[in-house]
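In: Mind looking at a prediction? Sequence and model below.
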Amino acid sequence: MRFLTIVAVLAGLATAVPTPAAETTTAKSCSAVCKNPRVRKEWRSLSISERKQYLNAVVCMTKKPSKAPANLTLGVVSRFDDFNAVHIMSSDGLVQGTGGVHMVGFFLAWHRLFTWSYETALRDECGYTGAQPYWDWRIDADSGVPMAEWEIYNPSHGFGGNGDFVLEQNVTASWPYLAGQTGGGCVNDGPFKDTVMNVGPGSTLTHNPHCLRRGLNPDTIPWLTSARVAIAQAKADFLSYDAAVQGAQDMNPADGIQLFHGSGHYIHGGDSTDFISSSTEPIFYLHHAFLDKLYWEWQMMNPTVRLSEIGGVRIPFHPDSGPVALTDILDMKFAYKSGVEIKKVMNIRNGELCYTYQ
């Protein structure tokens with residue numbers, strides 16, 4: 001089943017197809033070497049005060065005025081909206097198979113730089129002194145502990161819990177709906193209880209104020225276990241690894257929910273289930289930081305090869321649109337500086353980036 005069979009979303013702005021250029025050097029030849037990397041830690045390893053500092057910085061982003069270029073006439077109000085809008089703009093074309101940053105060979109590289117951009121804004125604009133935390137959902141999925149008791153959803157030093165139950169609440173515009181949500185309405189506790197999101201769902205970029213919706217879905221837990229991740233981590237080459245994380249080009253979209261990129265979004269239900277505007281959910285960045293950690297660990301299993309190994313298509317479902325090259329440009333819109341080549345983000349400690357994982 002192809003994405004074209006899904007109901008199409010509204011047309012958005014220009015898609016994030018990287019600019020092809022001639023292949024030249026490997027990622028290891030990047031000139032700058034970071035000397036004081038930020039250390040990203042698992043959410044639970046942060047002290048309570050460190051968790052609150054991070055949450056306060058995210059709340060700050062939801063209140064800080066937008067810096068989006070005025071000529072784009074977006075419905076953004078806050079800096080948090082800015083990043084959400086960039087993800088929406090960059091994801092448009094997924095359903096139609098005309099572009100975007102999903103189901104393409106630069107998916108992992110783009111989200112690596114996007115997460116770094118958000119982390120940098122937290123530090124530069126909202127006084128955050130730590131690094132972007134990640135959420136190792138394997139720990140929770142393996143634990144057998146009910147979702148309502150997971151630390152990530154703690155109302156006082158986490159992201160808050162479920163929304164009120166709404167029967168068959170569906171905000172998914174770009175991917176199949178998954179039943180089993182135990183909520184679906186506005187989150188009713190935690191730091192984002194009264195937060196107003198101004199763009200989304202789907203490709204909506206006009207002013208559309210709404211609450212953060214969440215509907216915890218325990219049906220996704222079996223897809224996030226250590227055993228499921230181990231299958232991907234054992235893949236021998238980049239194309240096989242990328243397909244294990246986000247899905248193959250001929251994948252049935254419903255099957256993609258069971259791969260850990262998709263299930264890591266769907267587990268929260270609500271706004272998180274739409275791939276285009278999944279960045280409405282603040283846990284988005286912890287999920288993608290963990291995907292990045294897994295990708296980095298996979299790269300380090302064979303760094304001689306994997307720090308310069310890339311490929312895949314530039315446009316979803318168009319085999320003639322590849323292969324993605326190290327010299328392709330990652331388009332961050334207005335979230336980050338322009339002109340960053342893929343080769344500069346292949347190594348998280350040698351090039352554009354400067355961080356590591358604990």
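Out: Yep, that arrived. Numbers count the residues shown, from 1 in each chain.

In: Gly262 is in contact with Arg228, correct?
Out: No. The pair Arg228 / Gly262 is not scored as a contact, 11.7 Å apart, by CB atoms under 8 Å. Where C-beta positions appear, they are placed from N, C-alpha and C, glycine not excepted.

In: Following the chain onward from the least confident helix or strand in the chain by mean pLDDT, which element is next?
Out: Across the helices and strands of the chain, mean confidence by mean pLDDT, DSSP states H and E is lowest for helix 253-256: a mean of 85. Once the chain leaves helix 253-256, the next helix or strand it forms, by DSSP states H and E, is helix 260-266.

In: Mind giving me the packing neighbours of that next one?
Out: On a contact count with 3 or more CB pairs under 8 Å, 6 or more residues apart in numbering; DSSP states H and E, helix 260-266 meets helix 226-233, helix 238-246, helix 284-300.

In: What are the contacting residues of it?
Out: 137, 175, 178, 217, 220, 223-224, 228-229, 232, 245-247, 256-257, 272-273, 275, 278, 281, 284, 287, 290-291 (CB atoms under 8 Å, 6 or more residues apart in numbering).

In: What are the buried residues along stretch 239-247?
Out: Residues 239, 241-247 are the ones in stretch 239-247 that count as buried (16 or more other CB atoms under 10 Å).

In: contacts for it?
Out: Contacts of stretch 239-247 (CB under 8 Å, 6+ apart): 102-103, 105, 107-108, 231-232, 235, 251, 255-256, 259-262, 291, 294-295, 298, 311-312.

In: do you know how far Val166 is from His268?
Out: 14 Å (CB to CB, to the nearest Å).

In: Who has more neighbours out of those two?
Out: Under the criterion of other CB atoms under 10 Å, the comparison of Val166 against His268 puts His268 first, with 31 against 16.

In: for stretch 65-80, the distance to its chain's centre please.
Out: 20 Å (CA atoms, centre = their mean, to the nearest Å).

In: What residues of the least confident helix or strand of the chain count as buried?
Out: Neighbour-count burial for helix 253-256 flags 253, 256 (criterion: 16+ other CB under 10 Å).

In: now the end-to-end length of stretch 232-239.
Out: Stretch 232-239 has an end-to-end distance of 11 Å (CA to CA, to the nearest Å).

In: Any stretches of the protein with poor pLDDT?
Out: Filtered on pLDDT under 70, the chain yields the residue ranges 1-32, 168-175.

In: let's go with 50 and repeat that
Out: Residue ranges of the chain with pLDDT under 50: 1-15, 20-31.

In: quick one, strands of it?
Out: Applying DSSP state E to the chain gives strands spanning 38-40, 163-165, 184-187, 329-330, 340-341, 355-357.

In: just how off-centre is the first one within its chain?
Out: Spelled out, it's strand 38-40. 18 Å.

In: again, but for the longest one
Out: The chain centroid and the centroid of strand 184-187 are separated by 21 Å, computed with CA atoms, centre = their mean.

In: Pull the residues that contact that strand.
Out: Residues contacting strand 184-187 (CB under 8 Å, 6+ apart): 160-169, 193, 211-215, 269-270.

In: Return the members of those residues classed as buried.
Out: 160-163, 166, 169, 211-215, 269-270.

In: Throw the residues you listed into CSV and include distance to Ala335, thanks.
Out: Output for these, formatted as CSV (distance: CB to CB, whole Å):
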residue, distance to Ala335
Gly160, 25
Gly161, 29
Asn162, 30
Gly163, 27
Val166, 31
Gln169, 29
Cys211, 24
Leu212, 20
Arg213, 23
Arg214, 24
Gly215, 28
Gly269, 26
Gly270, 23
